[in-house]
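Chemist: What follows is a predicted structure for the sequence shown.
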Amino acid sequence: MQHIVSKKVPILTIPVLLLILISFVSCGNRADWIMFRGEGGRGATSGTLHPPLGIKWKLRLQPGDNPTPAFNPPIVKGDTIFFGSTDGNFYALDIKSGYMRWVFNTEGLINSIPFADDEYVYFGSNDGKVYAVSIEDGLEAWSFKTESTVQSIIVRYKDSVIFASDGGSTYFLSLEGVLQYRMPNPVWHYSAFQVYENVVYFAPGPLERPHSLGALDIDQKTYLWILDTAALSATWYSFPALKGDHLLFSTCSSRRQYWELNYYAYNRETGELIWKYSDESIWGDRVSIDPDTLFIQNLKHLDYMAPTLWKNLVVYTSGDSVVRAFYYRKGTLAWLRHFDYSISSAPTIAGDRIYFGLRGDSSPDGRKPRLICLSVRNGKKLWEMELDGALLSAPVIAGKWLIFGTDENLFYVLEELY
């Protein structure tokens, strides 16, 4: 989540990412992926994908050669893919054919990550509004105007729709779009928080401590604990994932030619530090983008540096050229995987395989961007696929389909061939 202060204070950037539950509703080979990063924010599905995978279809969303700076993950409900775009449109596409079921236009680019229930899909726009739109026909049910752009994750939790405006407020609305409660959010941008067992993890801190993040009890409107981000001294704070009593996240600060990387586990009930692992960015031989420029680009992605969990491991892709896997209980390294190019997306796990994007370059002997598949057990590369453009944000896996977008404004759906 981006951490941005008032005009008199230096700007900080930070993704504080939302918990999003994914519901897997089986229907043959189909499964719903209705929220960001899956159950407990773990970035994983219990299903598997069996290679070989082929391109079911791909669609160019915008004409022209200008790359898109962001392509946050879509969601899947039934046989429909839902996602917003930097062209200001919100799309509903048939997962099997790519046929456009409907398009909803807003007056600003869309960088939020939506949520879907049985009737509506909820999303925010840089026009300052959050919308509830009918899944069936794309007609607006209601909209709610905020004081700023809305580039957060949207969550429906029980009878509330929860989201944050950039440097404005965190909102709790009724399912009819009526304000229930709001919290001041003067600092955080690109907000993403997790909701679990009636607690919002990484809610903005109280107004007297704006440069903080906390665990907020929704019913009592009180903090269980508050994390002083000044003590962590970072500019980017990733989405937190939960496993047992562990809350796991990472941070990054750019130092021009390298990044300071830190990986944390806190007790989700008390806010006490369990472990911390510190590292610096590691660059491969074929990284052609200036690290400071690359860092700024990464801040557009709400899942940047988000953890992915599998059994006793937590895995991170941090935007440099290394995949790092830790034992989540103690924070010791399980394995590392090095690449010549920088990694372009957060990872997603299906079964015992982990999927993410790798950047390419345009030099005569350079390689195209790729989708990479590793064994999550040991980091061994299993296969790769060349892409048109770098994969941005973690791929979504729903049943037999793997879904993602690239910086060349292309939307891909891959499918098991057998």
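Modeler: Looks like it arrived, so ask away. Numbers count the residues shown, from 1 in each chain.

Chemist: Quick check: chain neighbours aside, which residue is closest to residue 326?
Modeler: Nearest residue to residue 326 in three dimensions, chain neighbours excluded: residue 314, at 5.2 Å (C-beta to C-beta, 6 or more residues apart in numbering). Glycine gets a C-beta too; all of them are placed from N, C-alpha and C.

Chemist: residues in contact with the helix or strand containing the one you found?
Modeler: Per DSSP states H and E, residue 314 falls inside strand 313-317. Contacts with strand 313-317, where a contact means C-beta atoms under 8 Å, 6 or more residues apart in numbering, come from 241, 243, 248, 250, 263, 265, 305, 307-309, 323-328, 334, 343, 345-347, 349, 354, 356, 376.

Chemist: Adjacent strands (with direction) for it?
Modeler: If you go by DSSP bridges, strand 313-317 pairs up with strand 308-310 (antiparallel), strand 322-327 (antiparallel).

Chemist: Following the chain onward from the helix or strand containing residue 141, which element is next?
Modeler: Using DSSP H and E, residue 141 maps to strand 140-145. For strand 140-145, the succeeding helix or strand toward the C-terminus, using DSSP H and E, is strand 155-157.

Chemist: for that following strand, packing partners?
Modeler: For strand 155-157, the contact count by 3 or more C-beta pairs under 8 Å, 6 or more residues apart in numbering; DSSP states H and E identifies strand 160-164 as packing neighbours.

Chemist: Outside of the strand it packs on itself, list whatever touches it.
Modeler: Contacts of strand 160-164 with the rest of the structure, by C-beta under 8 Å, 6+ apart, involve 18, 112, 115, 122, 124, 130, 132, 150, 152-156, 170-175, 177, 180, 185, 188, 191, 193, 195, 200, 204, 218.

Chemist: Which strand residues bridge the closest residue to residue 234 other than its chain neighbours?
Modeler: Among residues not flanking residue 234 along the chain, residue 251 sits closest, at 3.5 Å (C-beta to C-beta, 6+ apart). In this structure, residue 251 bridges to residue 237, residue 262 when assessed by DSSP bridges.

Chemist: what's around residue 251, how many residues?
Modeler: The tally of other residues near residue 251 (other C-beta atoms under 10 Å) stands at 23.

Chemist: Ok, residue 241 next?
Modeler: Neighbours around residue 241, by other C-beta under 10 Å: 28.

Chemist: I'd guessed it sits against residue 44; true?
Modeler: No. Using C-beta atoms under 8 Å, residue 241 is not in contact with residue 44, being 9.4 Å away.

Chemist: Strands of the stretch 251-400 of the chain, start to end?
Modeler: 259-267, 273-280, 308-310, 313-317, 322-327, 333-338, 348-350, 353-358, 370-375, 381-386, 391-398 (DSSP state E, counting those that start in this stretch).

Chemist: right, and those strands - which one's nearest residue 63?
Modeler: strand 391-398 (18.6 Å; C-beta to C-beta).

Chemist: and the closest one, what does it pack onto?
Modeler: Against strand 391-398 (3+ C-beta pairs under 8 Å, 6+ apart) you get strand 75-77, strand 348-350, strand 353-358, strand 401-406.

Chemist: angle of it against strand 401-406?
Modeler: 160 degrees (axes from the mean of the first three to the mean of the last three C-alpha atoms, to 10 degrees).

Chemist: now strand 391-398 against strand 381-386, angle please.
Modeler: Angle, strand 391-398 to strand 381-386, by the same axes, to 10 degrees: 110 degrees.

Chemist: Now find how far off-centre strand 391-398 is within its chain.
Modeler: 9 Å (C-alpha atoms, centre = their mean, to the nearest Å).

Chemist: Next: stretch 274-294.
Modeler: Worked out by C-alpha atoms, centre = their mean, stretch 274-294 lies 19 Å from the chain centre.

Chemist: Output the helices and strands packed on strand 391-398 as TSV; include the columns distance to residue 84, mean neighbour count and mean pLDDT.
Modeler: Shown next, in TSV, are the helices and strands packed on strand 391-398 (distance: least, C-beta to C-beta, whole Å; neighbours: other C-beta atoms under 10 Å; pLDDT from 0 to 100):
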stretch	distance to residue 84	mean neighbour count	mean pLDDT
strand 75-77	10	24	94
strand 348-350	19	25	96
strand 353-358	19	25	97
strand 401-406	11	24	94
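
Chemist: For residue 277, which of these is the nearest?
Modeler: strand 353-358 (18.8 Å).

Chemist: other SSEs contacting the closest one?
Modeler: Using 3+ C-beta pairs under 8 Å, 6+ apart: strand 353-358 touches strand 348-350, strand 370-375, strand 391-398, strand 401-406.

Chemist: Kindly reformat those strands as CSV containing distance to residue 85.
Modeler: CSV is the format used below for the helices and strands packed on strand 353-358 (distance: least, C-beta to C-beta, whole Å):
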stretch, distance to residue 85
strand 348-350, 20
strand 370-375, 20
strand 391-398, 12
strand 401-406, 9
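
Chemist: In this structure, which residue is most central in space?
Modeler: For the chain, residue 303 is the residue whose C-alpha lies nearest the centre (C-alpha atoms, centre = their mean; 2.6 Å).

Chemist: ok, that one - contacts?
Modeler: Taking C-beta under 8 Å, 6+ apart, one finds 15, 17, 36-37, 43, 72-73, 192, 239, 345-346, 393-394 in contact with residue 303.

Chemist: Tell me the pLDDT of it.
Modeler: Predicted confidence (pLDDT) for residue 303: 95.

Chemist: With residue 25 instead?
Modeler: In this model, residue 25 carries a pLDDT of 33.

Chemist: got it, and residue 30?
Modeler: Residue 30 carries a pLDDT value of 49.
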